[in-house]
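Asks: fold the following, please.
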Amino acid sequence: MAEGTLGGILGGEEEKPEVESPEALAGAEAFASAVAAKLAGSDPGVARKTEEFLTDQSELLKVQKRHLEEEHPLRLAHLGHQSHLLRGQRVGQAIRIAFQVVTSLIAIIVGIGIAVLLHDAFSSRNVVIEPFDAPPSLAPQGVTGKVVANGLLDELTRLRSGTHVTDNVSNRALQNAWSGEVQFAVPEAGISVGELSRLLKARFGHDLHISGDLVETKAGDLALSVRGDGVPPKTFIGPATALAKLTVDAAEYVYGQAQPVPWLSYLVSHGRDEEAIAFAQQAFVRTDKEDRPRLLVDWAIALDDINHFREALPLLHQAIALNPQHYYSGYHILADTLISLGDEEGGWHAGEDMRRAAGGRPGRAAEVKFDDWDNLTWNLLAERDAYIADRDSNGGVGIIYNEGVSIARLDARLHDPEAADVAIQTATDDPGDPDVIATIHFTRALLAMDAGDSARAVSELEAYARDCAPGICGNQYCWIAPAEEVAGNPDKADAVLKTGGTFVDCYRFRGDIFDHRGDWAAAQKAYAEAVVLSPDLPAGYYSWGVAVAKHGDLAGSEAKLRDANQRGPHWADPLKAWGDVLVKQGKTQDALAKYDEALKYAPNWKQLKEAREAAAKNKT
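Replies: Now for the predicted structure:
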C-alpha cells in the first residue's frame, strides 16, 4: 500500500531528471515534510522511514547542485574549446579543398598545354626558315646567315600576303627557326616550351624546313643556294650588289615548290599568265589531290586572260569532275569561259549545274559565284547584294576582281544613278586598271542612255571599247551598236554588230536597229534568232515584246513579256514594259500590280515610279 502510494506520488525512477534545479530542491524538501505529515497519521514508523529517505534524497540533491555549480564554468570552457577546435577544422578543411582545386587546375592546364602542343605538332604545316650560312667576310657589310634567312622570310611573307587565295586550299604559315620562342623552362627536361614544341613538330608534324647558304664566287659574285624538304636545291648567282634580287628569286622558287597552288594564284592575279601556264603544267603531278581542282581552275583563268578560252574548257571540266559536289569555282569559271566564247546558253546551264550540285540556292556555294547566272537572267539585286557581302567580308577585296565598279554598273542597270555615282566614288579598285576604267565608262554610258543623252552615251561607250581589255568586253561590247545608231552613226553600228559575236544582246540590238530603220521583217527575224540562240535567257523575249508593242500588237507583246518574265522573274524592265502594255489596254489594276512587282527589283527607278503614279491617277 505504502509502495503503491509512494509510486503514485513520486512517479517512476525513469522520469527523474538527471540534474535538479534549485527550485526542484526546495520543492523536494517541502514535499518530504508534507508526505511525512500525511503518513504519520497512518503509521508513525512508515512516516519516520519516509522522512529519513526523503531527507537523504534532499542531501543528495544538494550535493548534485553543488557539483553542478562547480562544473558549470568548466563545462562552458570545454564548450568554448570545442567551438575553437571545430572552427579550426573547418578552416583546415577549406584550405585542403582549395589546395586540391588549385592542384586540379594546374593539372588541367598542364594537360591542355600538352594537348595543344600535340595538336599543333600533328597539324603543323609550316614553312620553317632555318639559319643560313654566310661567309664571315660579309659580316662587316651587315650580311650574316640570320640576315639572309630573315630576308628570305620577308619575301615569302610578301608573296603570301599578295596571293588572292579564294578557295579552301593549303597555304602554309611562315616562320623562321628562332621565332615563337616561349621562355618557360621545363626543369625536369632542361628545355623550354618552345624547344619542346619544335621537337614534337619535328617528330610528328609536316613542316617544310628551308635552309641554304650564301657564298662569294671566285669572280666576286654572290651565289645564294636554297634547299629543303621536297625542295630541290637551286642556286641563284648575281653581282654582289644584287642580293635583294637574288633573295626575291629564291623566295619565288621556294614559294612555288612549297605552295604550288597559292603561287599559281599569285602569278595569275599579277598578270603573269604565261609563267602561270608553264608552271601549272609542271606542278600538276606534284600537287596534293585535294588542291588539283584549284590548280586547274587557275590554269584555265590564265588561259582565259590570253583569250585561249577553248583550251581552258577541258581543264575546267576536269576540275569539276575531280570534286563535283564541293568545288564550285569550276562551275563558276566554266560559265564565265563559255560566256566569253559567246555561248551564253551554255553559261546558264553551268550555273544551273552549280545550283543543283550546291543543293539549291542559297546552298553550299557562295552566292557571289552565281554572278554570271544572275547577269544572264538579270537577277541584278541578288548579284549586287552578293558582291557587297563578299567585299565586306573580305576586307574590301572579294573573290571577284573589281567588285567596287561592278557594283556601280549594277546600280546603273537598276536605273539608280545616285547609287551608281556613290559606288564609283567609293570603289577601292585599282584606278589604273584598264578593266576598272572600262567598267566606269560603261556605267556612265548606261546612265546617259537612261537620261536620253545619246551623245554622251556614244562618247562613253567608245572610250569603253578603247579601254576594255581583250576578252573582257564580252556582250557589253554589243551595247555600242544601238547607241551609235541613235546618234546617227549607222555605219559604226553595223561594224560593231559585225564583230560583236554570238551574244543575245548583239542579236536583239540588231533587231532594234532594223526596226529603227523601218525593216520590221528583218527586225523580227533578228529577235527570233536571239531567242533561238539562248531560249532560257529573258533578254531576247524582252526586246521582241517591246518592239511588238510599238507596232500595235498588244496581245503579242504581252505574250513575249510574259516569256521574258518567266526566264528573268527578278528583272524589273519586262515588268514595267508589261505594265505599260496593260495601261494601253485599259487594265489599270493589273498594270499597277506589275509596276509594284517591278519596284521590288528596281526600287529607285524614277521612270517606273512616274509610270505607277500616272496609272494610279487614271484609276481614280
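
Asks: helices or strands up against whichever strand or helix holds residue 481?
Replies: In the assignment (DSSP states H and E), residue 481 maps to helix 480-486. Taking 3 or more CB pairs under 8 Å, 6 or more residues apart in numbering; DSSP states H and E as the contact definition, the neighbouring helices and strands of helix 480-486 are helix 454-467, helix 490-499, helix 504-516. From N, CA and C alone the C-beta is placed, and that goes for glycine too.

Asks: got the buried residues for stretch 260-274?
Replies: For stretch 260-274, the neighbour count (16 or more other CB atoms under 10 Å) marks 260, 261, 262, 263, 264, 265, 266, 267, 268, 269, 272, 273 as buried.

Asks: how's this structure carved up into domains?
Replies: 2-100, 126-258 (automatic domain parsing).

Asks: check which element follows the helix or strand harbouring residue 348 along the chain.
Replies: Assigned by DSSP H and E, residue 348 belongs to helix 344-357. Moving toward the C-terminus from helix 344-357, the next helix or strand (DSSP H and E) is helix 371-377.

Asks: contacts for that following helix?
Replies: By CB atoms under 8 Å, 6 or more residues apart in numbering, the residues outside helix 371-377 that reach it are 332, 335-336, 339, 344, 347-348, 350-352, 354-355, 379-380, 382-383, 386-387, 400, 534, 537-538, 567-568, 570-571.

Asks: run the last query once more with 6 Å
Replies: 335, 336, 344, 347, 348, 351, 382, 383, 537, 568 (CB atoms under 6 Å, 6 or more residues apart in numbering).

Asks: and residue 443, how far is that from residue 248?
Replies: Distance, residue 443 to residue 248, using CB to CB, to the nearest Å: 38 Å.

Asks: compare the two (neighbour count), which wins?
Replies: residue 443 (26 against 17; other CB atoms under 10 Å).

Asks: surely the more buried one touches residue 412?
Replies: Yes - the pair residue 443 / residue 412 is scored as a contact, 4.7 Å apart, by CB atoms under 6 Å.

Asks: who touches both of these two?
Replies: By CB under 6 Å, 6+ apart, the residues touching both residue 443 and residue 412 are residue 420.

Asks: next up, the contacts around the closest residue to residue 344 other than its chain neighbours.
Replies: Excluding the flanking residues, the one nearest residue 344 by CB to CB, 6 or more residues apart in numbering is residue 534, at 5.0 Å. Taking CB under 6 Å, 6+ apart, we find residue 534 in contact with 344, 345, 504.

Asks: recalculate using a threshold of 10 Å.
Replies: 343-348, 376, 502-504, 507, 540-541, 567 (CB atoms under 10 Å, 6 or more residues apart in numbering).

Asks: for residue 449, same thing?
Replies: Counted by CB under 10 Å, 6+ apart, residue 449 has contacts 412, 456, 457, 458, 460, 461, 479, 482, 483, 486.

Asks: format those as a markdown table; extra columns: pLDDT, neighbour count and distance to residue 612.
Replies: Below are those laid out as a markdown table (pLDDT from 0 to 100; neighbours: other CB atoms under 10 Å; distance: CB to CB, whole Å):
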| residue | pLDDT | neighbour count | distance to residue 612 |
| --- | --- | --- | --- |
| 412 | 97 | 25 | 21 |
| 456 | 96 | 17 | 28 |
| 457 | 96 | 25 | 26 |
| 458 | 95 | 22 | 31 |
| 460 | 96 | 22 | 29 |
| 461 | 95 | 27 | 30 |
| 479 | 96 | 23 | 27 |
| 482 | 96 | 24 | 26 |
| 483 | 95 | 25 | 28 |
| 486 | 94 | 18 | 27 |
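
Asks: can you give me the helices in the stretch 501-620 of the chain?
Replies: With DSSP state H, counting those that start in this stretch as the criterion, the stretch 501-620 of the chain has helices at 504-516, 520-533, 539-550, 554-567, 572-584, 588-601, 606-619.

Asks: I'd like the ones you listed as JSON lines, with distance to residue 92 and mean neighbour count appended.
Replies: Converted to JSON lines, the helices of the stretch 501-620 of the chain look like this (distance: least, CB to CB, whole Å; neighbours: other CB atoms under 10 Å):
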{"stretch": "helix 504-516", "distance to residue 92": "89", "mean neighbour count": "23"}
{"stretch": "helix 520-533", "distance to residue 92": "92", "mean neighbour count": "18"}
{"stretch": "helix 539-550", "distance to residue 92": "87", "mean neighbour count": "24"}
{"stretch": "helix 554-567", "distance to residue 92": "84", "mean neighbour count": "19"}
{"stretch": "helix 572-584", "distance to residue 92": "81", "mean neighbour count": "24"}
{"stretch": "helix 588-601", "distance to residue 92": "75", "mean neighbour count": "19"}
{"stretch": "helix 606-619", "distance to residue 92": "83", "mean neighbour count": "14"}
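
Asks: against residue 486, how distant is residue 475?
Replies: 19 Å.

Asks: now do residue 585
Replies: Applying CB to CB to residue 585 and residue 486 gives a distance of 28 Å.

Asks: kindly report the same for residue 376.
Replies: From residue 376 to residue 486 the distance is 25 Å (CB to CB).

Asks: and the closest residue to residue 345 other than its chain neighbours, its phi and psi?
Replies: Nearest non-adjacent residue to residue 345, counting by CB to CB, 6+ apart: residue 534, 4.3 Å away. Backbone torsions for residue 534, taken as degrees, to the nearest 10, come to phi -140, psi 80.

Asks: cool, and residue 238?
Replies: Per degrees, to the nearest 10, the backbone of residue 238 is at phi -160, psi 170.

Asks: do I have it right that it meets residue 223?
Replies: Yes - using CB atoms under 10 Å, residue 238 is in contact with residue 223, at 8.5 Å.

Asks: helices or strands up against the helix or strand residue 60 falls within?
Replies: Secondary-structure assignment from DSSP H and E places residue 60 in helix 44-123. When contacts are defined as 3 or more CB pairs under 10 Å, 6 or more residues apart in numbering; DSSP states H and E, helix 44-123 packs onto helix 2-10, helix 22-40, helix 193-204.

Asks: residue 415: what's it in contact with?
Replies: Residue 415 touches 380, 446-447, 450, 572-573, 576, 602-608, counting by CB under 10 Å, 6+ apart.

Asks: can you tell me what sits against stretch 140-149?
Replies: 129-139, 150-151, 176-178, 210-214, 222, 224, 226, 240, 243, 246-247, 250.

Asks: please report the distance of the spatially most central residue of the chain from residue 603.
Replies: The chain has residue 393 as the residue nearest its centroid, 6.6 Å off, counting by CA atoms, centre = their mean. The spacing between residue 393 and residue 603, counted by CB to CB, is 24 Å.

Asks: one more: residue 294?
Replies: 38 Å.

Asks: neighbour-wise, which of those two wins?
Replies: Neighbours were counted for residue 294 and for residue 603 using other CB under 10 Å; residue 294 has more, 27 against 14.

Asks: over to that one: give its phi and psi.
Replies: The phi and psi torsions at residue 294 (degrees, to the nearest 10) take the values phi -70, psi -40.

Asks: OK, contacts around the residue lying closest to residue 270 once chain neighbours are set aside?
Replies: Closest residue in space to residue 270, ignoring its immediate chain neighbours: residue 162 at 7.3 Å, by CB to CB, 6+ apart. By CB under 10 Å, 6+ apart, the residues touching residue 162 are 262, 265, 266, 269, 270.
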